[in-house]
Every structure is written in structure tokens, then in C-alpha cells.
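Q: Only the shape, not the letters, is given here:
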């Protein structure tokens, strides 16, 4: 699998219990607190042990943070999405979920919120940050569609 720079990790370090500092190939650095993710996903329960969590490292291709020997992993795009949301931004998964919830193709979604399909693709891939005005347009469209 080929990863885009915004979804390719080059470094992950544990800074506190259940907290990672992530550096991506596009130069961005994020702090992500995974405590809530670990609590809500039973498959990650082993990471509640801080000794296990402390073994976090980036896989050889930069697509995941992995924990050995427990064979646990979280994908770089998911980690970036969580970090963006925790920092007060709009993660790309929120936009993907909005489209799925309303059964929208990329062309229909772009038209609905008044942006180009190309710009929507940038937002969906995580290549560009999603402006709050775009997310507000999504909410406004959803509100008017429900009426």
C-alpha cells in the first residue's frame, strides 16, 4: 500500500500514559491522547496497560503505529484524524461519515456544499484541512435536507 505524506508516519513517541507525539512525512506533528479510544474499543484493551503502550513504534512502511508483542496497530490516517479532532479541527472521517449518512457521491456532496469536486477530494484524503465554513455548509445542507 502506498501512503500519502499526510498519512505516512516517520516518528511516534510516547509522551505520557496513552499519549503519542506523531510526526508525519508532510512535516506536521500532532499530539494524540488515545485513552478514550482504548476504553471504547475492546480490541485495544491491552493498551490500557502503560507498559504495553510504552512499546509503541512506527511500522517499517509508516502506515501504522504498532505495539509488540500484542500485535496491535492503529493506522496513521485514523491517528491523524483523531489528533485533528482533538486539536479542534474537522477530521476527514467526519466528512466521509456525513456523505455516507446522506448517501452522497463526491459529485453530489461537492455540489450540495458549493465547492469543487477536486477540493472535496483534497478534504476527504486529508491533504488539506477542512475549514469550519465547509463543515457548517454540510450541517446546513443536512438540516435543510431533513426538513
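A: Nice, thanks for sending it over. As the structure is a prediction and not an experimental result, all values here were calculated from the model.

Q: model confidence over the helix ranked longest in the chain, on average?
A: Looking across the chain with DSSP state H, the single longest helix is helix 132-146. Averaged over helix 132-146, pLDDT sits at 93.

Q: Also stretch 93-102?
A: Averaged across stretch 93-102, the pLDDT comes to 96.

Q: What residues sit buried inside that stretch?
A: Using 16 or more other CB atoms under 10 Å as the test for burial, stretch 93-102 gives 93-95, 98-99. The way it works is simple: take the backbone N, C-alpha and C, and place the C-beta from them, glycine included.

Q: nearest to residue 63, of those residues?
A: The shortest approach to residue 63 among these belongs to residue 93, at 16.3 Å (CB to CB).

Q: just checking, the closest one touches residue 81?
A: Yes - the pair residue 93 / residue 81 is scored as a contact, 4.7 Å apart, by CB atoms under 8 Å.

Q: and the most centrally placed residue in the chain, helix, strand or coil?
A: In the chain, the residue lying closest to the centroid (CA atoms, centre = their mean) is residue 81, at 1.7 Å. At residue 81, secondary structure determined by DSSP: H, G, I helix; E, B strand; the rest coil is helix.

Q: got the contact list for it?
A: Residues counted as contacts of residue 81 (CB atoms under 8 Å, 6 or more residues apart in numbering) are 91-93, 126.

Q: Then residue 106?
A: Applying CB under 8 Å, 6+ apart, we find residue 106 in contact with 99, 117, 120-121, 124.

Q: roughly how far apart are the residue nearest to residue 126 when sequence neighbours are not counted and residue 123?
A: Distance criterion CB to CB, 6 or more residues apart in numbering; nearest residue to residue 126, sequence neighbours excluded, is residue 92 at 4.4 Å. Remark: distance between residue 92 and residue 123 (CB to CB, to the nearest Å) = 6 Å.
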